[in-house]
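**Student:** Provided below for reference: sequence and predicted model.
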Amino acid sequence: MKRNFWLISLGIVWTVLFAGMSFYWAMGGLKGVRSLGGSIYEMSLNPEPSFIVIVWLTGVIKLLGLILLLMLLVNWNNHTIIKTLYYMTKIAGIALFLYGLLNFITISLSAIHVLDFDLDSYATFWRLVFWEPFWMLGGIFYFFSVKKS
């Protein structure tokens, strides 16, 4: 497996920022949360304890990607580990990219009134300009951080 250290580094920064946003919101921060829109924004205004726990757990789950990327930096002598890391990284990249792409498509369809979502124009704008492309960018970082030798 060949590693692209530049993309691994960008993936690490992306992952830390992404998890950091969840931790910030879990601690009660509200900057940027309106851009998510819908029920997530509504719940963040007067959060139940269970919602706060979910946001903390979301941040922790996002950090699992950090562990995956850091494991790519180790020179493993075990072919099974190398192969597993390769496929896990590819799958994570595909999943992140597709999640962002599918959300981008559905939110776009909502913006032109083909679908009906509970997103105001502010959230729709930020989801299309920032959030969904951000997911896709992370997917690109993960996917292209490794390639077969």
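**Tutor:** Yep, that arrived.
**Student:** Going by C-alpha atoms from here, please, whenever you check contacts or count neighbours.
**Tutor:** Noted.
**Student:** shouldn't Tyr142 be in contact with Gly93?
**Tutor:** Yes: look at Tyr142 against Gly93 with C-alpha atoms under 8 Å: they come within range, at 4.6 Å.
**Student:** more crowded one of these two?
**Tutor:** Between Tyr142 and Gly93, counted using other C-alpha atoms under 10 Å, Tyr142 has the larger neighbour count: 32 against 24.
**Student:** quick one: the more buried one is in a helix?
**Tutor:** Yes: under DSSP: H, G, I helix; E, B strand; the rest coil, Tyr142 falls within a helix.
**Student:** and stretch 64-71, how far out from the chain's middle?
**Tutor:** Distance of stretch 64-71 from the chain centroid (C-alpha atoms, centre = their mean, to the nearest Å) equals 13 Å.
**Student:** can you give me the strands for this structure?
**Tutor:** In the chain, the strands defined using DSSP state E lie at 2-3, 146-147.
**Student:** quick one: average pLDDT of the first one?
**Tutor:** Same thing as strand 2-3. Average pLDDT, strand 2-3: 96.
**Student:** ok, now the last one?
**Tutor:** In this model, strand 146-147 has an average pLDDT of 97.
**Student:** what about that strand, distance to the chain center?
**Tutor:** On C-alpha atoms, centre = their mean, the centre of strand 146-147 falls 20 Å from that of its chain.
**Student:** Any idea how far the longest helix along the chain is from the middle of the chain?
**Tutor:** With secondary structure taken from DSSP state H, the chain has its longest helix at helix 79-111. Here the centre of helix 79-111 is set off from its chain's centre by 9 Å, with C-alpha atoms, centre = their mean.
**Student:** list the helices and strands that helix packs on?
**Tutor:** Judged by 3 or more C-alpha pairs under 8 Å, 6 or more residues apart in numbering; DSSP states H and E, helix 79-111 is in contact with helix 49-71, helix 132-143, strand 146-147.
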